[in-house]
Every structure is written in structure tokens, then in C-alpha cells.
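Engineer: How does the following fold in three dimensions:
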Amino acid sequence: MTITRRLTLTTLAALGVLSFAPAAWAQEKTDFKVAWSIYVGWMPWGYASDTGIVDKWADKYGISIEVTQFNDYVESINQYTAGGYDAVTLTNMDGLSIPAAGGVDTTAVIVGDFSDGNDAVFIKGEGSLADITGRDVNLVEFSVSHYLLARALDSVGLSERDVSVINTADPDMVGAFQTPDVTAMVTWNPMVSEIVALPDATKVFDSAQIPGEIIDLMVASTDVLADNPKFGQALAGIWYETMALMTLDTPEGAAARGAMGAASGTDQAGFEAQMAATKLFADPAEAVAFTSSADLGATMDLVRAFLFDKGLLTPGATSEDAIGIELPDGTVLGDTANVKFRFDNTFMQMAADGSL
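Structural biologist: Below is the predicted model of the structure:
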């Protein structure tokens, strides 16, 4: 989104629903597709679809929203990047390394949570993180698991040269860990909760040791949002209504958590354990404050440095500045002429203001 478009979205938000008039360049549409994958911070999207919350908010804005679950996280992002979906759940790092690096201008609509223990490094047998030296490490290559491994290794004076990374699809993690050849792994929940329960698994590092760095988002095409801000409003409405329900200390809240647990392959207690390792932003004002903090820019500096080191920015990138990252205040990290990843508080702020 250019500065002009960012200001346009903000101005329209301030004016309310009825003032979302299509501009001359707008390509207004009514049917939208959202992709999501299994993870504690994204289970609310499936629950909202199953229980009619998605339809409620879509109907409010005169649109339809189709929500599709993917069993393979990376494939969901690839489908969004290819144009098959208007929005997708992903992390801050993966948003920069896949759609943004692929030239798809992408905006974070909802900053839903950050991992506070849901992502973890395991070794097989007793030991500490330093004992990972010389091992093969199974993980989803170039994902946040890879980033977590790099941050973990750095914390004990090691580097990726001290291990060998084995690319492994996320649905295969639990089974792979139980084979003799696998002796180290990095993954995320719900796989973490299953692996930690295995008798020979030792957790040696997790995302609670780098709080606020692995951020879980709902992102959408910047062009689609600019042309159809009612889509962003509906997404915010869906998210915060579902958040309010699932965090209630009531039978209704417990039922919601139980349903999300069952859908993710665990139960209510298991899901609540995963929630405890997640900093959920159920309050939109808190999400706005987090996204507006200077800490976000510092985190994205770490992320883009990692991606540049791995050759995951634009082809032929000569520095980590190859892709511009726009923060909510309009500050751009990197190339201002190639901004492809954006954090915009517009719709979260509307939720905080009660103006959805």
C-alpha cells in the first residue's frame, strides 16, 4: 500500500461504513476467500466459520467469505501468493519471505498473537541446547522454526554451521521424531505438545525466550483491502467476536475452547495449555499498542536480516533492504520504492473504537 492508499484506508475508517465509496481505481467485489492452517492462534478462524460468526459479519457488510482449512501451512501461503485466496494466516517472517518476496503486496490486517512457548527446539535424549551440535535438525526449512533455530544457536555461541538442517513437512513432524534417525527437531504447536510428551524428548529452547518475535497474523492482499475495506472490517469483526467468546470464563467459553481443541487434534485441556504458551491479543487496543511499538521495527530488522542471510528476499538481493516493510506510522524499513509488506492498524483500531 502506498502512503496515499494507507491514508485513504485510515480516512475511510474514520468516516465509517457508509463512506466506503469506491475510488476511480477500485475493483470492488463481494466474494472473498480466506485460507488458514492448524495452529492455536489460528483455530478461531475455523471455529468462527463453523459457528456462523463468519457469515454474520460477512452479511453485515453485504459480502461472502469462504474460509478454507489447509493441512499444510506452507501450501496455504503458496495458494494465497498465487492469487487463489484474498487472505491467509501466517507469521510475520513467512509473510515477508513468501508473498512479499514473491511480489505480492501484503498487509497485516489482524495481529492476533505472538508465540510465547508454542514453538520449540527438541533433542532426543537428555542434554542441553549445546548438545544439538553435529546433529541433523528436522524442521520446515526457511519457516519460523528455522528462524527459532538460528536465534537459539546464537544464544549459546553456535551457528547453523554446527548442525545440518533437514527439511520436513509440518504434518510429518510427530511421526518423524519417533523414528531412530531423527535426533533433533524444531516445530510448533500442536506438534510441540505431542512431542514433549514422548519419553525420549527434551525441550532445550522455545519461543518464550524470544518473546514478541514470532508473530501470528491474518494478512490480506493490499490491493484487495484498498479496493474493498469492508473485507478488512469483516475480518476484524470476526476475529474479535471470536476472541471475546473463547476467552470467557463461562460454559460458553469452555465449549469454544473445547471445540477448537478437538479440531486441532487435542482436547480442551490441551488447547488451553497451548493458549497459555501464546500471548493472545483478545483486546484490539492491546494489539494496536503492540503493533505501534518500536519493538516491532526491531523485530522485523532481525527477521529481514535472517531472510537475507538465507537468500529468501528478492532474487539477486544485495542487502536486507531489498523489500520495504511499512510500519503503522508510515516508517519504512528497506526500499521505499519496493514496499511489499505492511502493518496497518486501521481495522484493529476500528474494533478498539467500537466503530466496526
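Engineer: Next up, identify which helix or strand residue 296 is on.
Structural biologist: For residue 296, the host element (DSSP states H and E) is helix 294-309.
Engineer: so for the helix or strand that that helix is followed by, what's the average pLDDT?
Structural biologist: Per DSSP H and E, the first helix or strand lying C-terminal to helix 294-309 is strand 324-326. Summarised as a single mean, pLDDT over strand 324-326 is 98.
Engineer: Strand 324-326: how far from the chain's middle?
Structural biologist: 17 Å (C-alpha atoms, centre = their mean, to the nearest Å).
Engineer: and if you look at stretch 51-58?
Structural biologist: The answer for stretch 51-58 is 22 Å, by C-alpha atoms, centre = their mean.
Engineer: next one: stretch 96-107
Structural biologist: 13 Å.
Engineer: from now on call the first residue 5
Structural biologist: Let's use 5 as the start, then, which means that last one is stretch 100-111.
Engineer: Using PDB, write out the CA atom coordinates for that stretch.
Structural biologist: Listed in PDB are the C-alpha atoms of stretch 100-111, where the atom choice follows Å, rounded to 0.1, in the frame of the first residue of the first chain:
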ATOM      1  CA  LEU A 100       7.900 -11.400   4.200                       C
ATOM      2  CA  SER A 101       9.700 -14.400   2.800                       C
ATOM      3  CA  ILE A 102       6.900 -15.900   0.600                       C
ATOM      4  CA  PRO A 103       4.200 -13.500  -0.600                       C
ATOM      5  CA  ALA A 104       6.200 -10.200  -0.200                       C
ATOM      6  CA  ALA A 105       9.300 -11.700  -1.700                       C
ATOM      7  CA  GLY A 106       7.200 -13.100  -4.500                       C
ATOM      8  CA  GLY A 107       6.000  -9.600  -5.300                       C
ATOM      9  CA  VAL A 108       2.500  -9.800  -3.700                       C
ATOM     10  CA  ASP A 109       1.900  -6.600  -1.800                       C
ATOM     11  CA  THR A 110       0.500  -7.900   1.600                       C
ATOM     12  CA  THR A 111      -0.900  -6.100   4.600                       C
END
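Engineer: Now do the buried residues in that stretch.
Structural biologist: 100, 101, 102, 103, 104, 105, 108, 109, 110, 111 (16 or more other C-beta atoms under 10 Å). Every C-beta, even on glycine, is put in place using the N, C-alpha and C of the backbone.
Engineer: The helix holding residue 300 - what's its average pLDDT?
Structural biologist: 95.
Engineer: can you pull the buried residues of it?
Structural biologist: 300, 303, 304, 307, 308, 310, 311, 312.
Engineer: Please name every helix or strand in contact with the helix or strand where residue 278 lies.
Structural biologist: According to DSSP H and E, residue 278 maps onto helix 272-280. Counting contacts by 3 or more C-beta pairs under 8 Å, 6 or more residues apart in numbering; DSSP states H and E, helix 272-280 packs against helix 195-199, helix 255-267.
Engineer: quick one: which of these has the weakest pLDDT on average?
Structural biologist: helix 195-199 (a mean of 92).
Engineer: now could you export just the CA positions of it as CSV?
Structural biologist: The C-alpha coordinates for helix 195-199 follow below in CSV (Å, rounded to 0.1, in the frame of the first residue of the first chain):
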residue,chain,number,x,y,z
MET,A,195,3.1,-30.9,17.3
VAL,A,196,5.1,-29.5,20.2
SER,A,197,2.5,-30.7,22.8
GLU,A,198,2.7,-34.2,21.3
ILE,A,199,6.4,-34.4,21.1
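Engineer: Now the element after that helix, going C-ward?
Structural biologist: Following helix 195-199 in sequence, per DSSP H and E, is strand 205-210.
Engineer: Given the helix or strand following that following strand, what are its sheet partners and their directions?
Structural biologist: Next along the chain after strand 205-210, taking DSSP H and E as the criterion, comes strand 219-225. If you go by DSSP bridges, strand 219-225 pairs up with strand 91-95 (antiparallel), strand 110-119 (antiparallel).
Engineer: If residue 345 is in a bridge, with which residues?
Structural biologist: According to DSSP bridges, beta-bridge pairing links residue 345 with residue 110, residue 329.
Engineer: Tabulate the CA atom coordinates of the helix holding residue 300 in PDB.
Structural biologist: The C-alpha coordinates for helix 298-313 follow below in PDB (Å, rounded to 0.1, in the frame of the first residue of the first chain):
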ATOM      1  CA  ALA A 298       9.200   0.500  18.400                       C
ATOM      2  CA  ASP A 299       9.800  -3.200  19.300                       C
ATOM      3  CA  LEU A 300       8.000  -4.300  16.100                       C
ATOM      4  CA  GLY A 301      10.600  -2.500  13.900                       C
ATOM      5  CA  ALA A 302      13.400  -4.000  15.900                       C
ATOM      6  CA  THR A 303      11.900  -7.500  15.400                       C
ATOM      7  CA  MET A 304      11.400  -7.000  11.700                       C
ATOM      8  CA  ASP A 305      15.100  -5.900  11.400                       C
ATOM      9  CA  LEU A 306      16.100  -9.300  12.900                       C
ATOM     10  CA  VAL A 307      13.700 -11.100  10.600                       C
ATOM     11  CA  ARG A 308      14.800  -9.400   7.400                       C
ATOM     12  CA  ALA A 309      18.500 -10.000   8.300                       C
ATOM     13  CA  PHE A 310      17.800 -13.700   8.800                       C
ATOM     14  CA  LEU A 311      16.000 -13.900   5.500                       C
ATOM     15  CA  PHE A 312      18.700 -12.100   3.600                       C
ATOM     16  CA  ASP A 313      21.300 -14.400   5.000                       C
END
